[in-house]
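Asker: Next come a sequence and a model predicted from it.
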Amino acid sequence: MASATTPIFSCDDIQIAAETKSIVKGVALSVYPGEIHALMGPNGSGKSTFATGLMGHPSLDVKGKITLNGESVEDMPPHERARRGLFLGFQYPVAIPGVTVASFLRASLNALGKQSNNVFEFRKQLEDTFAKLGIPWSFADRYLNDGFSGGEKKRLEILQMVLMEPRFVILDEIDSGLDVDALKVVAKGINEIAQKGAGVLMVTHYQRLLDLVVPAKVHYFMDGKIAFQGGADTVRELEANGYDWLKQKVAGADVTAVSEVI
Ligand SMILES: Nc1ncnc2c1ncn2[C@@H]1O[C@H](COP(=O)(O)OP(=O)(O)OP(=O)(O)O)[C@@H](O)[C@H]1O
Ligand SMILES: [Mg+2]
């Protein structure tokens, strides 16, 4: 078991290629229990490829070390990583017509060994979590993400996260499509899971999520690498000046400061 002085998640020299195209080019980071990190960067810089590669997406060629709770997981298929507490909330959750939300959740929790044997208890747990996240109970009988609005899909990703109680959570643009009220509910869910000791890596483009879920560290991706790392305050500079700010920081006067943290 990892202690508080051991990262709950770390990766080293991650390189990812898709169909022979090199996209992620040597990324290392560590997240400690209860810590929240943000991952930002321009469109196409490789954030989602990094996120899905860490989960073990079969279409990606992923090299490098991935350690979860002290155990190497880089050779494991995605479901084994999930069993050990890795969770990925997708940027674009897929619809599965024919599979209801309730049956999907039952099957997922069962696969993780988390489902109560008592069917009434399980239903109560589901109902409580749906209510907590402001998801109408009628969604349980709908097909997974089928016809869901953008915000509804993201709420459902958070619902899965809450039910699965992961150790390390990667959320890819969980804030996109959320209205202000849903953003608060989602932020509360993320803060709660971190307070319970999970590590969190949130991919986002916007300050508004990071005002509610304050990251200890922000990693800025450029061209498949972490070009810069800073505190939550650096996001304001980005909002004000755009990615030219980052390019100048990396290329220009602050290059010494940058290289210290890469
Ligand atoms: N299977 C693939 N084959 C070829 N190129 C790919 C493949 N998957 C991703 N890419 C390319 O890799 C780059 C990184 O994509 P990725 O989705 O990781 O970016 P991102 O940082 O998440 O962007 P965004 O902020 O728009 O979500 C893009 O140029 C994308 O077109
Ligand atoms: Mg993306």
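Answerer: All right, it came through fine. Only a predicted model underlies this, so the values are computations on that prediction, with no experimental measurement involved. Ligands and ions are numbered 1, 2, ... in the order given.

Asker: What parts of the protein come near ligand 1?
Answerer: Within the chain, the positions adjacent to ligand 1 are 18-19, 21, 23, 41, 43-49, 91 by C-beta under 6 Å from any ligand atom. In this view, the C-beta of every residue, glycine as well, is placed from N, C-alpha and C.

Asker: tell me the two of those residues that are most distant?
Answerer: With distances taken as C-beta to C-beta, the most widely separated pair in the residues of the chain next to ligand 1 is Glu19 and Gly41, at 21.3 Å.

Asker: Please compare the two by neighbour count and tell me which comes out ahead.
Answerer: When Glu19 and Gly41 are compared for neighbours, Gly41 comes out ahead with 24 against 8, by other C-beta atoms under 10 Å.

Asker: Excluding chain neighbours, what is closest to the more buried one?
Answerer: Counting by C-beta to C-beta, 6 or more residues apart in numbering, the nearest residue to Gly41 once its immediate chain neighbours are dropped is Phe221, at 3.1 Å.

Asker: and what of Lys65?
Answerer: Using C-beta to C-beta, 6+ apart and skipping residues adjacent in sequence, the residue nearest Lys65 is Asp12, 4.4 Å away.

Asker: the helices in the protein, which residues?
Answerer: In the chain, the segments counted as helices under DSSP state H are 47-55, 78-83, 101-111, 119-132, 150-164, 180-195, 207-212, 234-241, 243-251, 255-261.

Asker: just checking, what packs against the first one?
Answerer: Read that as helix 47-55. Contacts defined by 3 or more C-beta pairs under 8 Å, 6 or more residues apart in numbering; DSSP states H and E place helix 47-55 against strand 9-18, strand 21-31, strand 36-40, strand 60-68, helix 78-83, strand 86-89, strand 168-172, strand 199-203.
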